[in-house]
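Q: Sequence first, predicted model second:
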Amino acid sequence: MKQKYALVTGGSRGIGKAIALKLANDHHYNIVLNYHSNTEAATAVKKEIEDTGVNCSLLKFDVSNLEETENALSGWELANPDAVIVVLINNAGVSKDGLFLWMKPEDWHSVINTSLTGFYNVTRPLLKNMLTGRYGRIINIVSLSGLKGNAGQVNYSAAKGAVVAATKALAQEVAQRKVTVNAVAPGFITSDMTTGLDEKELKKLVPLKRFGEAEEVADLVSFLASKKASYITGEVININGGLYS
C-alpha cells in the first residue's frame, strides 16, 4: 500500500503552516510542504511536522508558474514511487491591495495568477491519481473578500471569487469518484496577511469581537479532509466570527 500524503501550498507560515501541522497530528498524513522563497521558515516547519512522527517533503516552487509547478510535482512523484497525494490544500495566495483605478497591471496579474492560475497548475496534475484511486480531498482556501467583495481588493476578491466558482464546478465533475472539493473562506485571521490592519477597529465589526486564529481555520480544514466529511462537497464554509454569513 502506498504512503498517503497531503500537499499544502504556501505552507511555510500562517494558515498554511497550521493546516500542515493539523493534518499531520489529526490524520497522520505525511506532508508535502510547498513554499515559494523562505527556505529557513519552511525547514523549521518541516522539523515541527516530523516531530509528530510523519514524513515531510519540502517542495520549492511558484504555484503561478506552470512549468515550475509541473516539474516539481513530477520530480517528487518519480522520487517517491511508493507515495500518493490524496489530500490537496490550495492555500498559496498573495495580496496587492489598492484602489482599482490606480491598480498596476502587475498587481492584478500577480494576485490572479497565484490564487486562480495556481489552483489550476497544482490541482490538475494531482487529480488523475485521486480519480484512479477513487478517493481525494481538495480544499481551497478562499476569503471573505471573494464572497462579499472588499474595497481596495478588487484583484484579490476577483481571484478568490473565481476559485469559489471553480470549487463548485469541479466538485460536480469528480464526485462520482469519491473526490470531494470544498472551499474555506476565512475572515480576519491573525497572520502575516493581517499584520498591517487596524485590529482594534476592525474587530468591532465582528460579532465575536476578535480576530480568528490560524489553528481555528486548520481545525475546519482537518474536518473537511477527514472521512467524516464524505458527504460534503461543492461547499464554501465561512469562518469569520459572524462577520458575514
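A: That came through fine. Numbering: from 1, shown residues only.
Q: so what does the longest helix seen in the chain touch, helix or strand wise?
A: Counting by DSSP state H, the longest helix found in the chain is helix 154-174. With contacts defined as 3 or more CB pairs under 8 Å, 6 or more residues apart in numbering; DSSP states H and E, helix 154-174 has these neighbours: helix 105-112, helix 118-133, strand 136-141, helix 145-148, strand 179-186, strand 236-239. Every residue, glycine included, has its C-beta placed from N, CA and C.
Q: Relative to residue 85, which of these is closest?
A: helix 118-133 (5.4 Å; CB to CB).
Q: what helices or strands is that closest one leaning on?
A: Using 3+ CB pairs under 8 Å, 6+ apart, helix 118-133 sits against helix 66-79, strand 83-90, strand 136-141, helix 154-174, strand 179-186.
Q: if we go to 6 Å?
A: helix 66-79, strand 83-90 (3 or more CB pairs under 6 Å, 6 or more residues apart in numbering; DSSP states H and E).
Q: Okay, buried residues for the longest helix of the chain please.
A: 154-164, 166-168, 170-171, 174 (16 or more other CB atoms under 10 Å).
Q: okay if I get the helices and strands packed on helix 154-174 as JSON lines plus mean pLDDT and distance to residue 12?
A: Output for these, formatted as JSON lines (pLDDT from 0 to 100; distance: least, CB to CB, whole Å):
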{"stretch": "helix 105-112", "mean pLDDT": "97", "distance to residue 12": "18"}
{"stretch": "helix 118-133", "mean pLDDT": "98", "distance to residue 12": "15"}
{"stretch": "strand 136-141", "mean pLDDT": "98", "distance to residue 12": "14"}
{"stretch": "helix 145-148", "mean pLDDT": "92", "distance to residue 12": "22"}
{"stretch": "strand 179-186", "mean pLDDT": "97", "distance to residue 12": "18"}
{"stretch": "strand 236-239", "mean pLDDT": "97", "distance to residue 12": "21"}
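Q: Quick one: the ones you listed as JSON lines, columns for mean neighbour count too.
A: Converted to JSON lines, these look like this (neighbours: other CB atoms under 10 Å):
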{"stretch": "helix 105-112", "mean neighbour count": "15"}
{"stretch": "helix 118-133", "mean neighbour count": "19"}
{"stretch": "strand 136-141", "mean neighbour count": "25"}
{"stretch": "helix 145-148", "mean neighbour count": "21"}
{"stretch": "strand 179-186", "mean neighbour count": "24"}
{"stretch": "strand 236-239", "mean neighbour count": "18"}
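Q: Would you reformat those as CSV and include distance to residue 20?
A: Converted to CSV, those look like this (distance: least, CB to CB, whole Å):
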stretch, distance to residue 20
helix 105-112, 23
helix 118-133, 15
strand 136-141, 12
helix 145-148, 22
strand 179-186, 15
strand 236-239, 18
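Q: wait, which of these is closest to residue 61?
A: helix 118-133 (9.1 Å).
Q: angle of that closest one against strand 136-141?
A: Between the axis of helix 118-133 and that of strand 136-141 there is an angle of 160 degrees, by axes from the mean of the first three to the mean of the last three CA atoms, to 10 degrees.
Q: Tell me the gap between helix 118-133 and the middle of its chain.
A: 14 Å (CA atoms, centre = their mean, to the nearest Å).
Q: circling back: which one of the helices and strands packed on helix 118-133 is the most hemmed in?
A: strand 83-90 (a mean of 24; mean count of other CB atoms under 10 Å).
Q: That one packs against which elements?
A: strand 3-8, helix 118-133, strand 136-141.
Q: In a markdown table, list those along with distance to residue 84.
A: Listed next are the helices and strands packed on strand 83-90 as a markdown table, based on distance: least, CB to CB, whole Å:
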| stretch | distance to residue 84 |
| --- | --- |
| strand 3-8 | 6 |
| helix 118-133 | 6 |
| strand 136-141 | 10 |
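Q: Please name whichever of those is nearest to residue 34.
A: strand 3-8 (6.6 Å).
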